[in-house]
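Student: fold the following.
(3 chains)
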Amino acid sequence: MEHRIGVFVCHCGTNIAGVVDVKRVAEELASYPGVAFSTDYTYMCSDPGQNLVKDAIKEHKLTGVVVSACSPTLHEATFRRAGVGADLNPYMVEIANIREQCSWVHQEDKPRATEKAIKIIKTMIEKVKQDEALEPIAVPVTKRALVVGGGVAGIQAALDIANSGHEVILVEKEASIGGHMAQLSETFPTLDCSQCILTPKMVDAAQHPRIKLMTYCEVGDVAGYVGNFKIKIKKKAAYVNRDVCTGCGLCSEKCPSKTDSEFEEGLATRKAIYTPFPQAVPNKPVLDAEHCLYMQSGKCGICAKICPVDAVDYTQKDEFVDVEVGAIVVATGYDLYPIINIGEYGGGKIKDVVTSLQFERLLSASGPTSGVVRRPSDGEIPKEVVFLTCVGSRDPEHHKAYCSKICCMYLTKHAMLYKHTVHDGQAYLFYMDVRTGGKGYEEFYQRAAEEDDVLYVRGKVSKLYEEDGKVIVWGVDTLTGQKVEIAADMVVLGLAMEPNAQALELAKKLKIQVNEWGFLSEAHPKLRPVESLAPGFYLAGAAQGPKDIPDAVAQASAAASKVASLFAEKEYHREPIIALVDEDECAGCRVCVSVCPYDAAEFDEEKKVAHIQEAICEGCGACIAACPSGSVTQKNLTDDQLFKMVTAALED
Amino acid sequence: MKIPYYPGCTLHERALDFDKASRECARALDIELEELEIWTCCGAVFPLTTDSVMDILAGVRNLAYASRLGDKVVTLCSFCYNVLKRANKVMRDDPEKREKANLFLKADTDAREGIESYLKEDYTGQVDVLHYIEMLRDVVGFDKIRERTKADLSGLKVAPYYGCMLLRPKKEMEFDDPEQPQIFEDFLEAIGCDVVDFPMKTECCGGFQIVREEDTAVACSQTVVNSASRRGADVIITTCPLCRYNLDELQKKMEKSVTGFRKIPVIYFTQLLGIALGIDEECLDFSDNYVDPRPLLAEKSLV
Amino acid sequence: MFEPRVVCFFCKWCTYAGADLAGTSRKQYPPNGVAVRVNCSGRVDPQHILWAFREGADGVLLGGCHPGDCHYQDGNYNTMRRLSLLKPMLKELGIDPDRVRLEWISAAEGDKLVSVMNEFVDEIRELGPMTVDLGEKLSGVEAPPEAKDVKIAKQSKAKAKKK
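Tutor: Reported below is the predicted structural model:
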């Protein structure tokens, strides 16, 4: 095919022309093989400049265009649009960067800068000669979203997506949505009652016509790609037909078997057939087979007998439901770092050393002590309580290197609420730094220290042990350099936040990246904070990193708006600069499959060759460089293009 | 079964009783501790400097001696164990120091005419450094000890004292969890004692401070002894001659300064093992203890 | 004075953007290198480097994102591994392995790009012009006549066979 390339050399005022001899460049390139037209102009990106390009394309029947100007990051899109205006495929327009990477950096050697500009343009001419007219890859989009995790982030994301007019499936592994926020007493810095602000949202989510709530469910196999995910959802056997159940609660009331309540963090018991907490949504029980007398020994069966609607079904099995969605929001939340790992604080063996979530339950009006702070060992009201921050956080040597971000604030809240209920009590708070980054947070901390007399001690605690019904706290006050020993009635540990234990498994299944601590990785820490690198996955809440409720909610809404903008178009368009397998050449060695970071390269068992899934490939080229037979190539950046570009770059 | 044994200086001088009891117990469990034919002081303290090879040479040389006899070396003193284990780790993990140390070892061998060359090949950390208690667990097995136990130790409340050097630093020693260790508890359970868990079992006894800052050492030891005492211990066991000295001998000072101070005998864990295995009291030798354990043992009909 | 000819393969996310930044900050460096923009340093195949030497390059500079920052997760690690395999081979061919250099230069490191460029050009200048004729050395793998892709040739052969 005959090449008819147009070369347009921009002066950029004097930015380029002041260093590079643009006239000479345009003249010299006019005679370069394949060039049909070559000119220069003061401002190529201006309207007349763009018209110059358009007119030349038409007049000289150009097959390709090289605009020699500034960096492609600035005006590639501009000139490709201009190309389209003249009926030239946008991918036949390339930019030669002779400003940022030539005239601006070689101001002292004008002749050599001119030489280099010519070389740069030649490389792009060689590229455009082999460019193909491409169309963006259009992928149809299923306008239904899956939200994994029914904590506050998941609920918010689901509501926002549903309110923008799209269907949502909200999957929660527990029997009720609500997550950790449902366990909290009051929230900093406003001391809103957590349940009071959360439960209306839970009900909204449950009643929303476009939200399908799937509680006591887990995400199973995941296949497909952005816009077209096919997901198997496991409905765990609840042994209760929850469609029939009216939630009357008789079964739980009469069930004789008790075990530790997860919701109450082990501070109270629940029955074997139970709803996690009174405000649960849906307010229908599930049966825990492990603790059910009937399931274990065949004796009992009271719940089945007493149920007025015969909803109890001991023979129920796990079921699988297939769903199709276009986008997935992962809001799997956090767990507290297990206390067993903190040997110096008793590793969970000291009864009156409690976790922060346990203390939330002790403070909660709906908790096991009805909001009266009582210590677990003997039910006494503790008069001296020590709060420890950074337990497992900021300790790269032994535990987690990162800051869990919210512990300073919630422990401050704990100490404050404790003082509000036990007026003659003393609260000590050991800290490394008090981190109060947030609206109204510093004021809240000041209030705790000044008005509520919480004693802040700067230093770490080295050891906790039990002695005569007290918890002895060995610490240091690093401001005075003194050893501190406190015989406390109770100690509260601000344990590190870590990603939910099942989240890591899920991330693997969804093939989304996590950081070294298992938190989900965002596509860009500044500019794409709610997207995963893998297209179609969005992140919300503490699964992405430790964060408080306002941040989790904001991120959830951001993720929802990303989903809505994906759903706004019929089709999803992707850059077509992707890899392609020559099936005749492919030996089926699968190197490409192993090297592909997105699992876009797959092995076709029938044809025994590799295949690149267009909708997933990001065009990094790893497979191309790895392919031993040279049978993978990249559209508009083939090896041959690269060879010729190199040759052009070295020609004198 | 023969296992190479590095006694260290203290077990040849101040702590002969420890050495003797440990050898007797090993024999009773079908193990012969084969003392290295030549050995020197381990260096006693693992150097904190990271740029010097000289400071670990003493330990490395002993390990090289041991490598001629087998793939393990057993030691008892916490300090020796700490130094040998860490020096060994350097030889395994740090190629630069390994090379330098081996050059020293070669020069050393060449200089010692008449002594058979102890280095047949470079020392690269081939030997596993075992503490005697690890040998009991991993080579002998606590189950076998349970079977061989003759005396009835039930009702004897024993507080296991770990001290610092066995456990720390965690990543280098890889001995047990430094905060919540379990190995001595498992051992005591195997020989049928009542285990007394006390919070100060991993606190320092004062160590070398006894040489210059006696008061500090007394304060440290007192914390440990008191803690065991409050939990009702009849006896404290230890594995370090220096810990034994501080915890036992310094009770002389404690009883003077504290009214109603309850003395607790402090013995080596192999002495207790000897009693369990029914070894003759003569061989266990409690003559060096300040707080004599014999009345207690007699009361429990154990001697 | 000998002016080395350098080919630079820059990944478009980090190093190419770093080179743009050097420009906007008007940092000056010698005009010896011409950049070829690739999506990822992991796209660069050792044969591209060999090709550059065959075509008369005196040095080849590869620029990628810092470890852990790769836009495509781990493409830069692939480059690193490939390069460590290529260097001994260059030695075999009589090419000083220092003629190839891999640098992690982020989009924010215009300064680093400039200093690397200065250093590299100086180093190559000291090494002198490439004297090894790779075309001859690799005569077994006859270089295609007019900068022709080996693959294209193979493809057309395969197609011919099919017909």
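Student: next, the buried residues of stretch A:482-489.
Tutor: When neighbours are counted by 16 or more other C-beta atoms under 10 Å in any protein chain shown, the buried residues of stretch A:482-489 are found to be A:484, A:486, A:488-489. Heads up, the C-betas are built off the backbone N, CA and C, glycines and all.
Student: can you list those in a markdown table and add pLDDT?
Tutor: Below are those laid out as a markdown table (pLDDT from 0 to 100):
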| residue | pLDDT |
| --- | --- |
| A:V484 | 97 |
| A:I486 | 98 |
| A:A488 | 98 |
| A:D489 | 98 |
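Student: export the residues you listed as TSV, with columns for distance to B:R294 and secondary structure.
Tutor: What follows is the buried residues of stretch A:482-489, written out as TSV (distance: C-beta to C-beta, whole Å; DSSP: H, G, I helix; E, B strand; the rest coil):
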residue	distance to B:R294	secondary structure
A:V484	42	strand
A:I486	41	strand
A:A488	41	strand
A:D489	43	coil
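Student: also within reach of chain C: list those from those residues.
Tutor: For chain C, no contacts are drawn from those by C-beta under 8 Å from any C-beta of the partner chain.
Student: which of those residues sit farthest apart?
Tutor: Taking C-beta to C-beta as the measure, the buried residues of stretch A:482-489 span a maximum distance of 16.2 Å, between A:V484 and A:D489.
Student: ok, A:P256 - how many residues close by?
Tutor: 10 (other C-beta atoms under 10 Å in any protein chain shown).
Student: go on, A:S462?
Tutor: Here the number of neighbours of A:S462 (other C-beta under 10 Å) works out to 12.
Student: quick check: closest non-adjacent residue to it.
Tutor: A:W474 (5.2 Å; C-beta to C-beta, 6 or more residues apart in numbering or on different chains).
Student: so where does the one you found fall, helix or strand?
Tutor: A:W474 is part of strand A:470-477 when elements are defined by DSSP states H and E.
Student: and for A:F229?
Tutor: Here A:F229 sits within strand A:228-235, counting by DSSP H and E.
Student: how close does the nearest residue to A:L250 once chain neighbours are set aside sit to chain B?
Tutor: Distance criterion C-beta to C-beta, 6+ apart; nearest residue to A:L250, sequence neighbours excluded, is A:I306 at 5.3 Å. Distance, A:I306 to chain B, by C-beta to the nearest C-beta, to the nearest Å: 46 Å.
Student: and A:I306, how many neighbours does it have?
Tutor: When neighbours are counted by other C-beta under 10 Å, A:I306 comes out with 14.
Student: list the contacts for it?
Tutor: Contact analysis of A:I306 by C-beta atoms under 8 Å, 6 or more residues apart in numbering or on different chains lists A:250-251, A:254.
Student: go on, A:I118?
Tutor: Counted by C-beta under 8 Å, 6+ apart, A:I118 has contacts A:25, A:28-29.
Student: in chain B, which residue sits nearest chain A?
Tutor: Among the residues of chain B, B:E179 lies closest to chain A, at 2.5 Å counting by C-beta to the nearest C-beta.
Student: ok, so what distance separates the residue positioned nearest the centre of chain A from A:L134?
Tutor: In chain A, the residue lying closest to the centroid (C-alpha atoms, centre = their mean) is A:L539, at 2.8 Å. Distance, A:L539 to A:L134, by C-beta to C-beta, to the nearest Å: 31 Å.
Student: what sits against the residue nearest to A:S462?
Tutor: When the contact criterion is C-beta under 8 Å, 6+ apart, the partners of A:W474 are A:461-464, A:483-485.
Student: mind checking which of those residues are in strands?
Tutor: Among the contacts of A:W474, the members found in strands (DSSP state E) are A:461-464, A:483-485.
Student: re earlier: which one is the residue of chain B closest to chain A nearest to, not counting chain neighbours?
Tutor: Of all residues not flanking B:E179 in the chain, A:G343 sits nearest, at 2.5 Å (C-beta to C-beta, 6+ apart).
Student: cool, A:Q156 as well?
Tutor: Leaving out its chain neighbours, A:Q156 is closest to A:A556 (C-beta to C-beta, 6+ apart), at 3.8 Å.
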